[in-house]
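> structure of the sequence below:
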Amino acid sequence: MAVPQNRVTRSKRNMRRAHDALSAANPNECPSCGELKRPHHVCPSCGHYADREIVAQTAEIDLDDDAA
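So this is what the prediction gives:
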């Protein structure tokens, strides 16, 4: 059965975890709408990628009028 030979101190444990932190996001501005988007991804607000419309945006449906 595998058990540690010696206790790992808090200092050694934290030094091992020094490179595990997540880096912050690097958003870019969309050239067509100006919203922030992830680099090399389709813009979620307008659906453009590299000055081309990839995803057609549908008009929002107002559920309050349809519920009656």
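
> Leu36 and Pro27 touch, don't they?
Yes. Between Leu36 and Pro27 there is a contact under C-beta atoms under 8 Å: 4.0 Å. Bear in mind the C-beta positions are built from the backbone N, C-alpha and C, glycine included.

> quick check on Arg13: phi, psi?
phi -60, psi -50 (degrees, to the nearest 10).

> and it, how close does it get to Arg7?
10 Å (C-beta to C-beta, to the nearest Å).

> and if you look at Asp20?
As judged by C-beta to C-beta, Asp20 and Arg7 stand 21 Å apart.

> cool, Cys30 as well?
According to C-beta to C-beta, Cys30 and Arg7 sit 52 Å apart.

> check what pLDDT Ala59 gets.
Ala59 carries a pLDDT value of 65.

> picking up where we left off before, what about Cys30 and Arg7, which has more around it?
Cys30 (18 against 8; other C-beta atoms under 10 Å).

> would you confirm that that one contacts Cys46?
Yes. With contacts counted by C-beta under 8 Å, Cys30 reaches Cys46, the gap being 6.4 Å.

> do a quick rundown of the helices in this structure.
10-16, 63-67 (DSSP state H).

> tell me where the chain is predicted with low confidence.
For the chain, applying pLDDT under 70 flags the ranges 57-63, 65-68.

> now the strands for it?
28-29, 36-37, 48-49, 52-53 (DSSP state E).

> make CSV out of those and add distance to Val3.
What follows is the strands of the chain, written out as CSV (distance: least, C-beta to C-beta, whole Å):
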stretch, distance to Val3
strand 28-29, 49
strand 36-37, 49
strand 48-49, 53
strand 52-53, 59
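
> export these to a markdown table and append columns for mean neighbour count and distance to Asp64.
Formatted as a markdown table, the strands of the chain follow (neighbours: other C-beta atoms under 10 Å; distance: least, C-beta to C-beta, whole Å):
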| stretch | mean neighbour count | distance to Asp64 |
| --- | --- | --- |
| strand 28-29 | 12 | 34 |
| strand 36-37 | 16 | 30 |
| strand 48-49 | 17 | 30 |
| strand 52-53 | 11 | 29 |
